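Colleague: My questions concern the predicted model and sequence given below.
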Amino acid sequence: MRYYTKNSTLFVRGAFRAASTGIDGGIRDVTTLFNHTVPADWSHDSPKKEIELVAAAAGIGPCVFGLLTAVPLRHLCVLQYDFVTVFVTAGIREHPPQEAGTINIIVYSSEGMEDSALLEMILVATEAKAEALIAAGRDSGTPTDAVIAACEGEKLHRYAGRITEPGQRLREAVLKGVPEALRRYERGAENEEPAFFIYSRLEGGHWVEWSPVNCPYYPCHFPGQRCDFCYCPFYPCKNEALGDWSVSSSGGKVWSCSRCTLIHEPAVADYLKRYPDAPLDELVQYQKQQKKKIIP
């Protein structure tokens, strides 16, 4: 999986088995998930056509699940908890129910899910969303809320209820992400980039928001590194020339890329920003070409 934002759209790319409650939803294999911000004067007459136009403009073909929102992507919240990543946009307006706004949630697991578990992830995400909204004194949702649940990977989880490994991680991410996304939308984001949160087990476990400003870990790889992609959009790439498996604090294994400098190298970071669809192998080859230019 990798994700990026381009032209008012969040794109999540990969080879997914996915389920969607959104427009033209269902369960099928797709290559792309996206959440697209429509303009304020957008007509609601043909949302399916809008999905098709976004896919065609991006050149990604028909194998997609797409969602639509009026929330600008600078209010997007991305939350990573081990192998589960959640993307949330949320907007609620004080209007009649038919115009009450939209909360969109995209859930990704790097560990495989059976189809029934994908559907259960949608249930867990919806339940957690309602729990978070009610705790904030809101209604439990809006008429146009939607969820996409997607997975890759060989390990197949049969269940994804709230007390399972994927369900527990998903629930915590949604409970954190929905209030944060609403806060950013209603009060205004502190910056123009989406927010990124990662779950840390230090000091008993808590969410940490990463910011490029005054980062206490800089430089985490080498002096002069670029931090445009602090949290790698290819994680976990599982390319053992770049990273390796490490033992986690819980005794399991997690993918570690602490020795990888690829997307922190200025030339590679610039290349990826110019060509956000570039695959990992292409970046590796570009890195090698740049090193050849430097070495006489």
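Modeller: Received, thanks.

Colleague: and the nearest residue to Val84 once chain neighbours are set aside, what does it touch?
Modeller: Nearest in space to Val84, with sequence neighbours left out and distances taken as CB to CB, 6 or more residues apart in numbering, is Arg169 at 4.2 Å. The way it works is simple: take the backbone N, C-alpha and C, and place the C-beta from them, glycine included. Shown in contact with Arg169 (CB atoms under 8 Å, 6 or more residues apart in numbering): Tyr81, Asp82, Phe83, Val84, Tyr199.

Colleague: isn't the last one right next to Val84, touching?
Modeller: No - in this structure, Tyr199 is not within contact of Val84 by CB atoms under 8 Å, at 9.1 Å.

Colleague: Settle it for me: which of these two has more neighbours?
Modeller: Taking neighbours as other CB atoms under 10 Å, Tyr199 and Val84 compare with Val84 leading, 25 against 17.

Colleague: and the more buried one, what is it in contact with?
Modeller: By CB under 8 Å, 6+ apart, the contact list for Val84 reads Val107, Tyr108, Ser109, Ser110, Pro166, Arg169, Leu170, Ala173.

Colleague: Buried members of those residues into ChimeraX, please.
Modeller: To isolate the buried members of the contacts of Val84 in ChimeraX, using 16 or more other CB atoms under 10 Å:
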select :107,108,109,110,166,169,170,173
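
Colleague: Out of the contacts of Val84, list just those in helices.
Modeller: Residues of these located in helices (DSSP state H): Pro166, Arg169, Leu170, Ala173.

Colleague: From Tyr108, how far out is the last one?
Modeller: The spacing between Ala173 and Tyr108, counted by CB to CB, to the nearest Å, is 11 Å.

Colleague: anything in contact with each of those two?
Modeller: Common neighbours of Ala173 and Tyr108 (CB under 8 Å, 6+ apart) are Val84, Thr85, Val86.

Colleague: on that earlier part again, can you pick out the most distant pair from the contacts of Val84?
Modeller: Maximum pairwise distance in these, criterion CB to CB, is 13.8 Å, between Ser110 and Ala173.

Colleague: Spell out which residues are contacts of both of these two.
Modeller: With CB under 8 Å, 6+ apart as the test, Ser110 and Ala173 both reach Val84, Thr85.

Colleague: rewinding a little: mutual contacts of Tyr199 and Val84, please.
Modeller: Common contact partners of Tyr199 and Val84 (CB under 8 Å, 6+ apart): Arg169, Ala173.

Colleague: So which other helices or strands are in contact with the lowest-mean-pLDDT helix or strand in the chain?
Modeller: Least confident helix or strand, the chain: strand 253-256 with a mean of 81, by mean pLDDT, DSSP states H and E. Using 3 or more CB pairs under 8 Å, 6 or more residues apart in numbering; DSSP states H and E, the elements in contact with strand 253-256 are strand 244-247.

Colleague: Now do the buried residues in the strand it packs on.
Modeller: So strand 244-247, judged by 16+ other CB under 10 Å, has zero buried residues.

Colleague: Name every sheet partner of that strand and say whether each one runs parallel or antiparallel.
Modeller: Its sheet considered, strand 244-247 pairs with strand 253-256 (antiparallel) by DSSP bridges.

Colleague: Give me the contact list for the strand it pairs with.
Modeller: The contact list for strand 253-256 (CB under 8 Å, 6+ apart) reads Asp82, Tyr235, Pro236, Cys237, Lys238, Gly243, Asp244, Trp245, Ser246, Val247, Ser248.

Colleague: Mind checking what helix or strand follows that strand in sequence?
Modeller: Per DSSP states H and E, the first helix or strand lying C-terminal to strand 253-256 is helix 266-274.

Colleague: residues making contact with that next one?
Modeller: Identification of contacts with helix 266-274 by CB under 8 Å, 6+ apart yields Gly224, Arg226, Asp228, Phe229, Leu262, Ile263, Ala278, Leu283, Tyr286, Gln287, Gln290.

Colleague: Buried residues in that helix, which are they?
Modeller: Result for helix 266-274 [16+ other CB under 10 Å]: buried residues Val268, Ala269, Tyr271, Leu272.

Colleague: Stretch 5-17 too?
Modeller: Neighbour-count burial for stretch 5-17, with 16+ other CB under 10 Å as criterion, is recorded at Thr5, Thr9, Leu10, Phe11, Val12, Arg13, Gly14, Phe16, Arg17.
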